[in-house]
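Asker: Give me the fold of what follows.
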Amino acid sequence: MLFLRKIASNTPLCLGLLAAAFIYGLVLPFCWGNNPASAYGTLSLLCEHRVGWFWVWALLTGGSIALNLSRACATHGCRSRIPEISILISLFGMLLTAATLNHSIESWNPKRVAHWIGAIAYAAFLLIAVSSFYLACAKRHPRLWILLVFAAGAGLAVLVQLLVFGRNGYMEILPIALVEAELFVTNFTKLTVKEGGAAIAVQNKKQA
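Answerer: Okay, the predicted model is just below:
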């Protein structure tokens, strides 16, 4: 999407937001004596009465991933719009999750239902966004297959954790941190771009 790619062309902004989101996302789950390994150690429960802290996490994480994924699409010559559309839906899911904190868990009330819809949407569409980007660009940049394997493995691990062992905070922290690390590698190193990648980036900037 053109408006995302124009903002994402700002390198200091993308790198700064990504670094801030990565650090904040690793620090917040351990605040106030929280234990992320516990079934009650998730961010939504930790921030149930600290809603502002969760909003910071949602905006930092969702915003930085949206911008950096859009930047990756531009620099790697991604012609598909699925990654950017999906990441915007994921961001909406994050914001919906933040807006429905501190709800009653005694029944499936509308606020609780909306909270779960938001949480599922942000997780599912984040995986779709990242995976579709890798699939669209891996033919020209084969090293992206490696990142796709890690992303798919993380998604599978979260599903197994949830269905077999139950929820905990680490199933939120680690996959998000992995996505942020992969976006750093994709956008700010040359590890995923084969020869000719610079020409692709210049071509995309001209098209924008």
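Asker: Quick check: next helix or strand after the top helix by length along the chain?
Answerer: Across the chain, the longest stretch assigned as helix under DSSP state H is helix 110-137. Using DSSP states H and E, the helix or strand that follows helix 110-137 in sequence is helix 144-160.
Asker: returning to that earlier point: from the middle of its chain, how far away would the longest helix of the chain be?
Answerer: 9 Å (CA atoms, centre = their mean, to the nearest Å).
Asker: buried stuff in it?
Answerer: 115, 118-119, 121-123, 125-137 (16 or more other CB atoms under 10 Å). Where you see a C-beta, it was placed from the backbone N, CA and C, and this is true even at glycine.
Asker: counting contacts, what elements does that helix pack onto?
Answerer: Packing partners of helix 110-137 (3 or more CB pairs under 8 Å, 6 or more residues apart in numbering; DSSP states H and E): helix 51-75, helix 82-99, helix 144-160, helix 170-188.
Asker: now the angle from that helix to helix 51-75?
Answerer: Helix 110-137 and helix 51-75 are oriented at 20 degrees to each other (axes from the mean of the first three to the mean of the last three CA atoms, to 10 degrees).
Asker: orientation of helix 110-137 relative to helix 144-160 in degrees?
Answerer: Here helix 110-137 runs at an angle of 160 degrees relative to helix 144-160 (the same axes, to 10 degrees).
Asker: what is the mean pLDDT for helix 110-137?
Answerer: In this model, helix 110-137 has a mean pLDDT of 92.
Asker: That helix to helix 82-99, inter-axis angle?
Answerer: 160 degrees.
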